[in-house]
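1. got a sequence here, can you model it:
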Amino acid sequence: MSESSTTPPRRALVVGVTGIVGQAVARRLVEEGWETYGLSRSGTPQPDVHTVRADLADPAGLATALADVAPQLVAFTAWTRMDTEAENIRVNGGAVRDLLAALSPAGSVEHVALMTGLKHYLGPFEAYGQGDMPDTPFHEDEERLPYPNFYYAQEDELFAAAARDGFTWSVHRSHTVFGFATGNAMNMVATLCAYASICQDQGLPFVFPGSETQWNSLTDVTDADLLAEQMLWAARTPAGRNEAFNTANGDVFRWRWLWPQIAAWFGLEWEGYADAPRPLETAMSGMEPVWRDLAHRHGLVEPDLARVASWWHTDADLGRDMEVVTDMNKSRTAGFSATRDTRATFFAYAEQYRSARVIP
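-> All right, here's what the predicted structure looks like:
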């Protein structure tokens with residue numbers, strides 16, 4: 001899979017193709033001329049992508065669904081949130097193991113790019129931000145935390161399969177993802193746009209829901225298209241193989257700077273942090289009928305608020321009581337120097353959601 005090769009690999013498989021990152025990876029692969037297959041449990045079609053409908057929790061079904069796919073590149077962007085970290089490890093570690101086992105008989109895989117995230121440094125949900133965490137900015141060579149973590153389990157399954165089948169790998173540790181995706185709710189841009197639209201409709205102020213630390217501290221985010229670009233770079237570049245990389249836009253910002261600009265874009269009055277977090281999950285409780293009515297009046301494509309906004313996910317990101325910033329020097333030194341302007345990408349995606357009639 002040499003960068004100098006004039007003939008790209010014939011096939012790629014995107015696992016979790018309906019997700020915010022999976023859709024971005026699939027779009028980029030199609031644009032670059034790959035024959036692209038997209039695996040999801042729902043089997044929701046994606047433009048110019050061959051649909052593979054399968055459940056990652058069903059090893060036999062995976063083997064059947066993937067028997068004739070034989071990809072050379074695999075981008076694994078899926079995860080399922082469970083009630084405990086033990087269950088997260090069983091389900092998400094098992095998904096990587098079973099997916100790669102299903103592909104093993106064909107012997108076609110040359111590279112696997114695995115998306116994880118900053119819980120690698122922050123700890124799992126059950127021990128989030130506890131104990132001795134590394135100082136920010138987070139570096140890829142930090143030792144693993146002394147807690148069970150499904151990201152570690154996914155990595156270990158990847159390493160074991162690579163040793164068995166002889167393919168190369170890369171791990172991509174993203175921060176909060178900004179992007180455009182339909183039918184996928186774990187997306188801060190879509191969530192904040194839905195929140196702002198409800199505030200606009202109901203005459204409510206646009207209240208920052210998170211912690212004082214997140215309001216005032218520097219932070220960064222990950223553009224979904226940047227992550228897709230890094231995954232493909234790692235697959236075709238020797239310096240990108242068999243390495244883990246942080247993936248962030250390359251700029252930093254404070255929410256107290258960006259929040260008023262988002263409010264202005266929607267024509268809203270805003271409120272910053274005051275005394276305590278004011279979570280969206282509480283503030284938006286019971287707003288489903290409001291959204292259905294709003295969707296009907298404005299001809300929106302999705303009347304189900306749960307398929308547009310994920311209050312808990314944005315609350316978790318904005319409610320952290322710690323600074324979260326990543327170091328990108330390893331990726332840059334290896335030759336991946338792409339960046340994104342976070343402010344510009346937020347409003348570009350917001351405009352996409354408006355144009356696609358996801359928000360009014």
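2. buried ones in stretch 98-112?
-> For stretch 98-112, the buried set under the neighbour-count rule, 16 or more other Cβ atoms under 10 Å, comprises 98, 99, 100, 101, 102, 103, 108, 109, 110, 111, 112. (Each C-beta comes from the backbone N, C-alpha and C, glycine too.)
3. who touches the first one in this structure?
-> In other words, residue 98. If you count contacts by Cβ atoms under 8 Å, 6 or more residues apart in numbering, residue 98 has them with 56, 59, 62.
4. mind redoing it with 10 Å?
-> Listed by Cβ atoms under 10 Å, 6 or more residues apart in numbering, the contact set of residue 98 reads 55, 56, 57, 58, 59, 60, 61, 62, 63, 157.
5. which of the residues in stretch 277-297 are buried?
-> Residues of stretch 277-297 classed as buried: 277, 278, 279, 280, 283, 284, 287, 291, 294, 295 (neighbour count, 16+ other Cβ under 10 Å).
6. got JSON lines for these, with secondary structure too?
-> Converted to JSON lines, the buried residues of stretch 277-297 look like this (DSSP: H, G, I helix; E, B strand; the rest coil):
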{"residue": "277", "secondary structure": "coil"}
{"residue": "278", "secondary structure": "coil"}
{"residue": "279", "secondary structure": "coil"}
{"residue": "280", "secondary structure": "helix"}
{"residue": "283", "secondary structure": "helix"}
{"residue": "284", "secondary structure": "coil"}
{"residue": "287", "secondary structure": "coil"}
{"residue": "291", "secondary structure": "helix"}
{"residue": "294", "secondary structure": "helix"}
{"residue": "295", "secondary structure": "helix"}
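7. now the two most distant members of the buried residues of stretch 98-112.
-> The most widely separated members of the buried residues of stretch 98-112, counting by Cβ to Cβ, are 98 and 110 (19.8 Å).
8. and the contacts of residue 98, which are buried?
-> If you count burial by 16+ other Cβ under 10 Å, the buried members of those come out as 56, 59, 62, 63, 157.
9. isn't the third one right next to residue 54, touching?
-> To tie it back to what came earlier, the one meant is residue 62. Yes: counting by Cβ atoms under 10 Å, residue 54 is a contact partner of residue 62 at 5.2 Å.
10. what residues do these two have in common as contacts?
-> Shared contacts of residue 62 and residue 54 (Cβ under 10 Å, 6+ apart): 15, 39, 99, 102.
11. distance of the last one from residue 71?
-> Distance from residue 102 to residue 71, counting by Cβ to Cβ, to the nearest Å: 11 Å.
12. picking up where we left off before, quick check: helices, which of the buried ones among the contacts of residue 98 are part of them?
-> Counting by DSSP state H, the part of the buried ones among the contacts of residue 98 found in helices is 59, 62, 63, 157.
13. list the residues that contact the last one.
-> Under the criterion of Cβ under 10 Å, 6+ apart, the neighbours of residue 157 are 92, 93, 94, 95, 96, 97, 98, 99, 100, 101, 114.
14. any weak-confidence spans in the stretch 1-150 of the chain?
-> Counting by pLDDT under 70, the stretch 1-150 of the chain shows low-confidence ranges at 1-9.
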